[in-house]
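K.L.:
here is my input; please provide its structure:
(chains A and B)
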Amino acid sequence: MELLEYQAKQLFEQVGIPTLPSQIVSDARELKQLHIPYPVVLKSQVRTGGRGKAGGIRRAQNTIDAIAAARSIFNLAISGQYPEFLLAEAHYDRTQELFLAVVLDYDLQRPVLLGSAYGGMEIHKLLANLHQVVIEEFFSPFYARHLLNKMGVTGALVPALTEIIGKMYHLLQTKDLELVEINPLGINQAGELMALDGKITVHDTAIRKHPDLAALGDRPLEETNVNQDLPLYWEHDAHGGNIGIICDGVGSAALIWDLLHETKGHPACCWILGPRAQGKVFSPHELDHQIKAILDHLQKLPQVKVLLLNLVAERSINQKILETLIGRTNQPAPIVNRAPNIDVPQSAPETTLPEIVVRCLPALDNTFDSSLYWEGDLEDAVKRAIALSKQKQIPV
Amino acid sequence: MDWKINQNILIQGIHTPLAQYYVPRMVAYGTQIVGGVSAGRSGEEICGLPVFDLVSEAVRQVGELTTSLIFVDAFEVLDVAFEAIAAGISQLIIVTAGVPPLDMVRLFSMAKKSQVLILGPGSSGFVIPGKLWLGTGFVTHFQPGNIAILSRFSSLSQEAAIVLNDEALGQSCIIDVGNADLPGSNFAQWLDLLDADPETQAIALLGRYGSQEEIELIPYIRDKIKTPVVTYLCGSHAPIHRSCHDAGTIIANQLSYCLSETYTPTEMGAAFKREKLLFGRSLKDLPSLLKKAIQPSQSRARKTPAKT
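P.N.:
The predicted structure is shown next:
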């Protein structure tokens, strides 16, 4: 999870990394009560890079300027995101901009310090001059001094920057972060340092461990509050599709999704049954909830013409899943529902439930609804689902 | 294999619902679990097994322990893993998923010093069909034989086993390296262990398209592994997203927000084939490729002297 700039800066403040006086603005009119002296910089609070180039960062000399700028920033989507907040910040006259970051390197399995003497928006120059130092065992300030040496930083800046890097590292360690980045770190004529922009990524697993991070803003909290009844869900983001998959693992989900594609089928979505987080038992109670959630969800997905159900768990669990699913799909029997509005001739495709193809191993006795299509082989099941989905595409 | 099997296995977090669901199943499968640890519940019995407050106490009572299965909450994993290592346990299976990566970083430094092998976090475990079941997941479809399945996804292992069983190819063991961003052990380590396993005639490697680790395995399989390895990758079209990289790539992505240079499925398949490694385009290709790899021992015998 990536924090917004203003949230990152709140964490910077907590550990004593210098930031500018600032104010969060959720409506352009709030700028009339701005506590920061002009000129100010207004910054769109979205989770994406390139805000400056996209026009999401603007300078304002007075209130009238600021309100106009704020309105245009609120109406500007950057990479598809509209800001809910702007950050109004004092202007900072800098003579130099640096790039500093502390990152967990997944390949090395160690935290790494990164720095470039060319911070800011010129990314090519920044990357061309990027240096790194790997932290072995535990952090000690000499690692920071090594980095600064590689970056070509000398003089009074060395101790000051060493301290900031130490604080960044401390944040990474204590809050279980993946990345702490300051770009740019501004240096003014007096040699004073200021974190002008900040980026922090929290590893998803650590959010529950650090409630203070979730409390930094409303947005992150929402993201962590996923409905625990809902199974893990994949959706086709680009072209839609008409086949829904229900299975019991990410690997088999990927396998079926691939098979559908390769056989010229169109998967619409996939629900992966089971505990959302391991450490929870796959209990029949949850299964009920999950299947109910899937069926509710399915109501909102009229494009799903066929459900492909792949079950390769234990016999008793397969049985339970089928009973729950078929038991429920039988409840809103379509004919009963349609009886009152006789005007509608025959099949109104919106109300028909999808066809269901079942591939179940170990095989169960078919004591279920006779309208199910049973297949023993996964490829056959995929072919059957595709044939049914095509047949359904041409309603009368 | 260097992995010591089926001797004196401990359950840490035996009080958790997940452990209580799976422990009786593992025991019924023939796994020799000797006890459990759950702080404050010493003297009790759970699933018919004695419970201890401390790992060291368990060692004193039941003797040396080789393996511990960890079921505790994600944020307690680091602590109980340290405890197990301190008590001399050299194999850890971390069933719990969602361990913070920085905890894993701390655990790795300790594990390296003590030469501890870690499977997981988020691993469904280690299975020898008909003999040993360490972990979660389901063993319904596994049959004894000589093909090792090394996989990232337990459900994909099951699908592979179903396909292999149809062609009378049983399995020597099934290993799930888990789904963590920072896994305790990687494919390469397990390929080494499987290479030394006399029961394993060939290895089915089940990975994922777009994963850097699979690409980096290519020279390793080519140069280091004598046992035939047949690779199948899933996710050529599926929306699995995960990109953990080196620090430089993370920063480059972070700054420019362009996607990093991950390989396309076609490129990945081609990379395996370029090195003449056995590569299944579909899961159904596995049995024939594995059979081909095992059977013509004459042609391989011819190759070996030619090299020397």
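K.L.:
thinking residue A:385 is in contact with residue A:242, fair?
P.N.:
No: the pair residue A:385 / residue A:242 is not scored as a contact, 9.5 Å apart, by Cβ atoms under 8 Å. C-beta here means a position set from N, CA and C on the backbone, and glycine is covered the same way.
K.L.:
return the residues in contact with residue A:376.
P.N.:
Shown in contact with residue A:376 (Cβ atoms under 8 Å, 6 or more residues apart in numbering or on different chains): A:359, A:361, A:363.
K.L.:
correct me, but residue A:114 touches residue A:134?
P.N.:
No: judged on Cβ under 8 Å, residue A:114 makes no contact with residue A:134 at a distance of 10.3 Å.
K.L.:
these two: who's more crowded?
P.N.:
The neighbour count for residue A:114 versus residue A:134, taken as other Cβ atoms under 10 Å in any protein chain shown, is higher for residue A:114 (23 against 13).
K.L.:
point me to the helix or strand that includes the more buried one.
P.N.:
Secondary structure assignment for residue A:114, by DSSP states H and E: strand A:110-116.
K.L.:
coming back round to it: need the residues touching each of residue A:385 and residue A:242.
P.N.:
Residues touching both residue A:385 and residue A:242 by Cβ under 8 Å, 6+ apart: residue A:306.
K.L.:
these two: which has the busier surroundings?
P.N.:
residue A:385 (32 against 23).
K.L.:
and the helices in chain B?
P.N.:
B:17-29, B:55-62, B:77-86, B:101-114, B:154-166, B:187-195, B:212-224, B:247-256, B:265-274, B:286-294, B:297-307 (DSSP state H).
K.L.:
so which of the ones you listed is nearest chain A?
P.N.:
Nearest of those to chain A, taken as Cβ to the nearest Cβ: helix B:154-166 at 2.3 Å.
K.L.:
work out the gap between the closest one and the centre of the chain.
P.N.:
Distance of helix B:154-166 from the chain centroid (Cα atoms, centre = their mean, to the nearest Å) equals 15 Å.
K.L.:
and it, which residues are buried?
P.N.:
Using 16 or more other Cβ atoms under 10 Å in any protein chain shown as the test for burial, helix B:154-166 gives B:154, B:155, B:156, B:157, B:158, B:159, B:160, B:161, B:162, B:163, B:164, B:165.
K.L.:
same thing with stretch A:318-330?
P.N.:
Neighbour counts over stretch A:318-330 (16+ other Cβ under 10 Å) mark A:318, A:319, A:320, A:321, A:322, A:323, A:324, A:325, A:326, A:329 as buried.
K.L.:
tally up the residues packed near residue B:138, please.
P.N.:
23.
K.L.:
same question, residue A:137
P.N.:
Residues contacting residue A:137 under the criterion other Cβ under 10 Å number 7.
K.L.:
now it: closest residue in space that isn't a chain neighbour?
P.N.:
Sequence neighbours aside, residue B:109 is the residue nearest to residue A:137 in space, at 6.3 Å (criterion: Cβ to Cβ, 6 or more residues apart in numbering or on different chains).
K.L.:
didn't the one you found look like it was pressed against residue A:110?
P.N.:
No: using Cβ under 8 Å, residue B:109 makes no contact with residue A:110, being 9.0 Å away.
K.L.:
OK, contacts around residue 141?
P.N.:
Picking chain A for this. Residues in contact with residue A:141 (Cβ under 8 Å, 6+ apart) are A:162, A:165, A:166.
K.L.:
actually chain B
P.N.:
For residue B:141, the contact set (Cβ under 8 Å, 6+ apart) comprises A:312, A:361, B:158, B:161, B:162, B:165.
K.L.:
switch to 6 Å and redo it
P.N.:
Shown in contact with residue B:141 (Cβ atoms under 6 Å, 6 or more residues apart in numbering or on different chains): B:158, B:161, B:162.
K.L.:
partner strands of the strand holding residue A:114 and their direction?
P.N.:
Using DSSP bridges, the strands paired with strand A:110-116 are strand A:96-105 (antiparallel), strand A:130-134 (antiparallel).
K.L.:
other residues contacting the first one?
P.N.:
Spelled out, that is strand A:96-105. Here strand A:96-105 has contacts from A:111-116, A:119-120, A:126, A:168-169, A:172, A:178-187, B:101, B:246-247, B:250-251, using Cβ under 6 Å, 6+ apart.
K.L.:
now the angle from that strand to helix B:101-114?
P.N.:
Angle, strand A:96-105 to helix B:101-114, by axes from the mean of the first three to the mean of the last three Cα atoms, to 10 degrees: 60 degrees.
K.L.:
using PDB, write down the CA coordinates of strand A:96-105.
P.N.:
In PDB, the C-alpha atoms belonging to strand A:96-105 read as follows (Å, rounded to 0.1, in the frame of the first residue of the first chain):
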ATOM      1  CA  GLN A  96      20.200  21.700  -5.100                       C
ATOM      2  CA  GLU A  97      17.900  18.600  -5.100                       C
ATOM      3  CA  LEU A  98      19.000  15.100  -4.000                       C
ATOM      4  CA  PHE A  99      17.300  11.800  -4.200                       C
ATOM      5  CA  LEU A 100      17.400   9.400  -1.200                       C
ATOM      6  CA  ALA A 101      15.600   6.100  -0.600                       C
ATOM      7  CA  VAL A 102      15.700   3.100   1.700                       C
ATOM      8  CA  VAL A 103      14.200   0.000   0.000                       C
ATOM      9  CA  LEU A 104      13.800  -3.600   0.800                       C
ATOM     10  CA  ASP A 105      15.500  -5.400  -2.000                       C
END
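K.L.:
now that strand and helix B:247-256, what's the angle there?
P.N.:
Computed by the same axes, to 10 degrees, the angle separating strand A:96-105 from helix B:247-256 equals 130 degrees.
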